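Participant: The amino acid sequence is not available; the structure is as follows:
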């Protein structure tokens with residue numbers, strides 16, 4: 001199942017890499033795609049929104065819910 005989340009504070013490739021690594025740390029099987037413009041993070045293969053939220057927050061960014 002694919003979900004798109006809104007993440008605030010990402011502005012560069014390093015930011016997107018940090019978010020992707022954090023999500024993959026809690027959901028190694030997930031496919032993660034980052035769109036810096038608009039702050040969108042598409043995750044496929046991880047259904048636990050709370051885990052995604054925690055990973056984003058732990059990476060230092062603001063989780064703004066489902067897009």
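Facilitator: Sure, I can see it. The model shown is predicted, which means the values in this text are computed figures rather than measured ones.
Participant: only C-alpha atoms for contact and neighbour calcs from this point on.
Facilitator: Noted.
Participant: neighbouring strands for the longest strand seen in the chain, and are they parallel or not?
Facilitator: For the chain, the longest strand by residue count, based on DSSP state E, is strand 2-8. In the sheet, strand 2-8 lines up against strand 40-44 (antiparallel), strand 62-66 (antiparallel) (DSSP bridges).
Participant: quick one, helices of the protein?
Facilitator: Along the chain, counting by DSSP state H, helices occupy 13-26, 49-58.
Participant: residues of the shortest one that come out buried?
Facilitator: What it means is helix 49-58. By neighbour count with 16 or more other Cα atoms under 10 Å, helix 49-58 contains the buried residues 52, 53, 54, 55, 56.
Participant: repeat for the first one
Facilitator: Along helix 13-26, the positions that meet the burial threshold by neighbour count (16+ other Cα under 10 Å) are 15, 16, 18, 19, 20, 21, 22, 23, 24.
Participant: any chance of those in a markdown table, plus distance to residue 67?
Facilitator: Below are these laid out as a markdown table (distance: Cα to Cα, whole Å):
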| residue | distance to residue 67 |
| --- | --- |
| 15 | 19 |
| 16 | 17 |
| 18 | 20 |
| 19 | 16 |
| 20 | 17 |
| 21 | 20 |
| 22 | 19 |
| 23 | 17 |
| 24 | 20 |
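Participant: Same list as before, the residues you listed that is, but in TSV and with distance to residue 62 and pLDDT included.
Facilitator: Converted to TSV, these look like this (distance: Cα to Cα, whole Å; pLDDT from 0 to 100):
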residue	distance to residue 62	pLDDT
15	12	96
16	13	96
18	13	97
19	11	98
20	14	98
21	16	98
22	13	98
23	14	97
24	17	97
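Participant: so which of those would you say is closest to residue 3?
Facilitator: residue 23 (12.9 Å; Cα to Cα).
Participant: what are the bridge partners for the nearest residue to residue 35 once chain neighbours are set aside, then?
Facilitator: Once flanking residues are discounted, residue 35 sits nearest to residue 41: 6.3 Å by Cα to Cα, 6 or more residues apart in numbering. For residue 41, the beta-bridge assignment (DSSP bridges) gives partners residue 5, residue 34.
Participant: For residue 38, give me its contacts.
Facilitator: residue 6 (Cα atoms under 8 Å, 6 or more residues apart in numbering).
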